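**Student:** sequence? don't have it. structure:
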């Protein structure tokens with residue numbers, strides 16, 4: 001079985017010049033944990049919930065040193081207002097692994113596991129054509145042959 005047989009299409013994406021707020025709206029609206037970031041049709045990064053949390057919240061070591069930060073939700077909201085207007089290019093993760101539609105599903109699964117990823121962009125001739133997720137792989141391996 002190949003990735004093309006199980007990938008999710010069409011992928012939800014954002015362009016590199018969009019704002020973090022626009023990208024976050026896509027993540028929240030579609031209940032996904034990340035979006036590929038495109039420059040034209042080429043994948044140049046991704047923006048994940050993990051990236052957003054990293055940007056929005058202080059590091060734990062900072063909070064331990066200043067217990068008040070656990071209580072200061074208003075300061076976090078002010079920080080979010082600033083970050084919301086930043087371009088995605090300044091917040092995204094770069095160096096994203098990808099697979100092709102012809103990649104064997106088990107190879108994609110191995111990449112996900114080895115790199116602790118939740119999904120991989122599926123790229124053909126430099127263009128994003130889909131997303132393959134852990135859910136897609138679990139559904140392909142476990143979802144077909146359920147016994148009553």
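**Tutor:** Happy to help now that I have it. Fair warning: this is a prediction, and the values are worked out from it, not measured in the lab.
**Student:** Show me the strands in this structure, by range?
**Tutor:** 14-15, 34-39, 42-48, 119-124, 127-133 (DSSP state E).
**Student:** chain center to the second one, what's the gap?
**Tutor:** A distance of 8 Å separates the centroid of the chain from that of strand 34-39, by C-alpha atoms, centre = their mean, to the nearest Å.
**Student:** Outside of it itself, list whatever touches it.
**Tutor:** 11-16, 23, 26-27, 43-51, 88-89, 92, 96, 118-119, 121, 128, 131 (C-beta atoms under 8 Å, 6 or more residues apart in numbering). The C-beta positions use only the backbone N, C-alpha and C, and glycine is treated the same way.
**Student:** re the thing from before, now the strands of the chain in TSV, with mean pLDDT, distance to residue 141 and mean neighbour count?
**Tutor:** TSV is the format used below for these (pLDDT from 0 to 100; distance: least, C-beta to C-beta, whole Å; neighbours: other C-beta atoms under 10 Å):
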stretch	mean pLDDT	distance to residue 141	mean neighbour count
strand 14-15	96	30	19
strand 34-39	94	22	22
strand 42-48	93	24	20
strand 119-124	95	16	22
strand 127-133	95	13	20
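**Student:** mind listing what's buried in stretch 92-103?
**Tutor:** By neighbour count on 16 or more other C-beta atoms under 10 Å, the buried set for stretch 92-103 is 92, 96, 98-99, 103.
**Student:** Residues in contact with that stretch: which ones?
**Tutor:** Residues outside stretch 92-103 that contact it (C-beta under 8 Å, 6+ apart): 2-4, 7, 16, 36-37, 43-48, 51, 107-108, 111, 115, 117, 120-124, 129-130, 132.
**Student:** Residue 132 contacts residue 1, doesn't it?
**Tutor:** No - in terms of C-beta atoms under 8 Å, residue 132 does not count as a neighbour of residue 1; the distance is 11.2 Å.
**Student:** on that earlier part again, as TSV, the buried residues of stretch 92-103 with distance to residue 140 would be great.
**Tutor:** Output for the buried residues of stretch 92-103, formatted as TSV (distance: C-beta to C-beta, whole Å):
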residue	distance to residue 140
92	28
96	22
98	19
99	14
103	13
